[in-house]
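**Student:** fold the following for me, if possible:
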Amino acid sequence: MQPINTAICSFGMSGWVFHAPFITAHPGFNFYGVWERTKNLAQEKYPSVKTFRTLEEMLADENIELVVVNTPNVTHYDYVKQALLAGKHVVCEKPFTVEVSEAEELIALAAEKNLKLSVFQNRRYDSDYKTIKSVLDQKLLGNIVEAEFHFDRYKEEISPKAHKEVPMKGTGALYDLGSHLIDQALQLFGKPTAVFADIAIIRPVSLVDDYFEILLYYPSSRVRIKGSYQVREALPGYVLHGSKGSFIKPKTDMQEAQLQAHMLPTDVAYGIEPESENGLLHTEADGKIINEKIPSLTGNYTAYYEGIYQAIRNNAPLPVTAEQGTDVIRIIEAAFKSNDEKRVITL
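**Tutor:** Take a look at the predicted model:
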């Protein structure tokens, strides 16, 4: 196995929580380098990593094959483009770009350079999402008529990450949290025919949207995705209703908290939810009513990086394509247009 020399564009929370642990745990990758302008945080944790002070210096290193762009949303387009022009494969944090036109340009450039370009939609590998996907794949609910996904938090204060609080395109809860829920909805139900949205600032201290409700229209069903920073007592993360029954699941993936507590993805307890958070299945099968808790599947973001390894080394399909990342941005753009014009936007 020839490890893929990988460099990360920053070593804030995204770098040390969501990327470095999986790059170092997977034998197919070598955590080769990191871009840190002044600090040496990565080197303190991973002594063999090489620290670069500028992006240009990092991209000039011919030993690097893969670059992870995990910087503020507004920089994604520029940094991904520079990495592709330097001949590097790229993993880009969600949201892929701020605008669809930027995403389409990057897709064309990656194809021209014959390079792999993927979007880190890691929430596809959450335990809660994997569980509801399994329920749907087994057709336990019949034909889905209604679904509602929540990604709520309770935060009275604004984020200490200044780049998330600047009122500009690409910031706010819809780009941040909504991009996860939209991606999950698209994976489960496909592309909707229309979008209606209500997006707002509900905290006096906030300058960017911290509340959203998006209604996705499908020919025979409706899917709502909601997020708010003023929810102290959270509703279920996933509510699914079908022609045969319902499934209600708390949003309880453990990975982010475990990683922040420095648990390694190789730990036997990693990604496992407590039984108390199991989802409730109420349906009918073979003429019998079923009303029982369903054990949650184990979450593991390692699967994403395994997919990246196979795509680069064995030309397997990417775990998340840039086109799929673009579809998320297309929905976000339609949602903002719907909110501004107070009408349903046909796709």
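**Student:** could I get the full set of strands for the stretch 201-347 of the chain?
**Tutor:** Under the criterion DSSP state E, counting those that start in this stretch, strands of the stretch 201-347 of the chain are mapped to 211-218, 221-228, 238-242, 246-249, 279-285, 288-294, 345-346.
**Student:** S118 against L318, yeah?
**Tutor:** Yes: counting by CB atoms under 8 Å, L318 is a contact partner of S118 at 4.7 Å. Heads up, the C-betas are built off the backbone N, CA and C, glycines and all.
**Student:** quick one: the strands in the stretch 1-150 of the chain, in order.
**Tutor:** 4-8, 29-35, 50-52, 66-69, 89-93, 117-120, 144-150.
**Student:** JSON lines for the ones you listed, including mean pLDDT, distance to P160 and mean neighbour count?
**Tutor:** Below are the strands of the stretch 1-150 of the chain laid out as JSON lines (pLDDT from 0 to 100; distance: least, CB to CB, whole Å; neighbours: other CB atoms under 10 Å):
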{"stretch": "strand 4-8", "mean pLDDT": "98", "distance to P160": "21", "mean neighbour count": "24"}
{"stretch": "strand 29-35", "mean pLDDT": "98", "distance to P160": "21", "mean neighbour count": "23"}
{"stretch": "strand 50-52", "mean pLDDT": "98", "distance to P160": "23", "mean neighbour count": "18"}
{"stretch": "strand 66-69", "mean pLDDT": "98", "distance to P160": "22", "mean neighbour count": "26"}
{"stretch": "strand 89-93", "mean pLDDT": "98", "distance to P160": "18", "mean neighbour count": "25"}
{"stretch": "strand 117-120", "mean pLDDT": "98", "distance to P160": "22", "mean neighbour count": "26"}
{"stretch": "strand 144-150", "mean pLDDT": "98", "distance to P160": "24", "mean neighbour count": "20"}
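**Student:** CSV for those, including distance to L207?
**Tutor:** What follows is the strands of the stretch 1-150 of the chain, written out as CSV (distance: least, CB to CB, whole Å):
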stretch, distance to L207
strand 4-8, 29
strand 29-35, 28
strand 50-52, 33
strand 66-69, 25
strand 89-93, 22
strand 117-120, 26
strand 144-150, 24
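**Student:** nearest approach to E333 belongs to which of the ones you listed?
**Tutor:** strand 117-120 (15.9 Å; CB to CB).
**Student:** how far is that closest one from where the chain is centred?
**Tutor:** Mean C-alpha position of strand 117-120 versus that of the full chain (CA atoms, centre = their mean, to the nearest Å) differs by 10 Å.
**Student:** tell me what that strand is packed against?
**Tutor:** With contacts defined as 3 or more CB pairs under 8 Å, 6 or more residues apart in numbering; DSSP states H and E, the packing partners of strand 117-120 are strand 89-93, helix 100-113, helix 302-314, helix 322-341.
**Student:** give me the contact list for the first one.
**Tutor:** Residues lying outside strand 89-93 but in contact with it, judged by CB atoms under 8 Å, 6 or more residues apart in numbering, are 4, 14, 19, 65-71, 76, 80, 83-84, 110, 115-120, 308, 312, 322, 325.
**Student:** likewise for stretch 336-347?
**Tutor:** Outside stretch 336-347, the residues touching it (CB under 8 Å, 6+ apart) are 174, 191-199, 217, 330, 334-335.
**Student:** can you give me the buried ones in it?
**Tutor:** For stretch 336-347, burial by neighbour count (16 or more other CB atoms under 10 Å) applies to F336, S338, N339, I345.
**Student:** stretch 68-78 too?
**Tutor:** V68, V69, N70, T71, P72, N73, V74, T75, H76, Y77.
**Student:** now for these, which pair is the farthest apart?
**Tutor:** Farthest-apart pair in the buried residues of stretch 68-78 is V68 and V74; separation 17.2 Å (CB to CB).
**Student:** and the helices in the stretch 51-200 of the chain?
**Tutor:** 55-59, 76-85, 100-113, 127-137, 173, 179-189 (DSSP state H, counting those that start in this stretch).
**Student:** turn those helices into TSV, including distance to E93 and mean pLDDT.
**Tutor:** Output for the helices of the stretch 51-200 of the chain, formatted as TSV (distance: least, CB to CB, whole Å; pLDDT from 0 to 100):
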stretch	distance to E93	mean pLDDT
helix 55-59	15	98
helix 76-85	7	98
helix 100-113	13	98
helix 127-137	18	98
helix 173	16	96
helix 179-189	10	98
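**Student:** S10 contacts K39, correct?
**Tutor:** No: look at S10 against K39 with CB under 8 Å: they stay out of range, at 10.3 Å.
**Student:** domain assignment for this protein?
**Tutor:** Under the assignment automatic domain parsing, the domains of the chain span 4-120, 123-299+331-346.
**Student:** so which of these is the most packed in?
**Tutor:** The highest average neighbour count among the domains of the chain, using mean count of other CB atoms under 10 Å, belongs to domain 4-120 at a mean of 19.
**Student:** quick check: end-to-end length of it?
**Tutor:** Chord length of domain 4-120, first to last residue, is 17 Å (CA to CA, to the nearest Å).
**Student:** from the chain's centroid, how far away is it?
**Tutor:** Using CA atoms, centre = their mean, the offset of domain 4-120 from its chain centre is 16 Å.
**Student:** ok, now which ones touch the residue nearest the centre of the chain?
**Tutor:** Nearest residue to the geometric centre of the chain (CA atoms, centre = their mean): Q121, 3.0 Å. Contact partners of Q121, counting by CB under 8 Å, 6+ apart, are K94, S179, H180, D183, V320, Q324, G325, V328.
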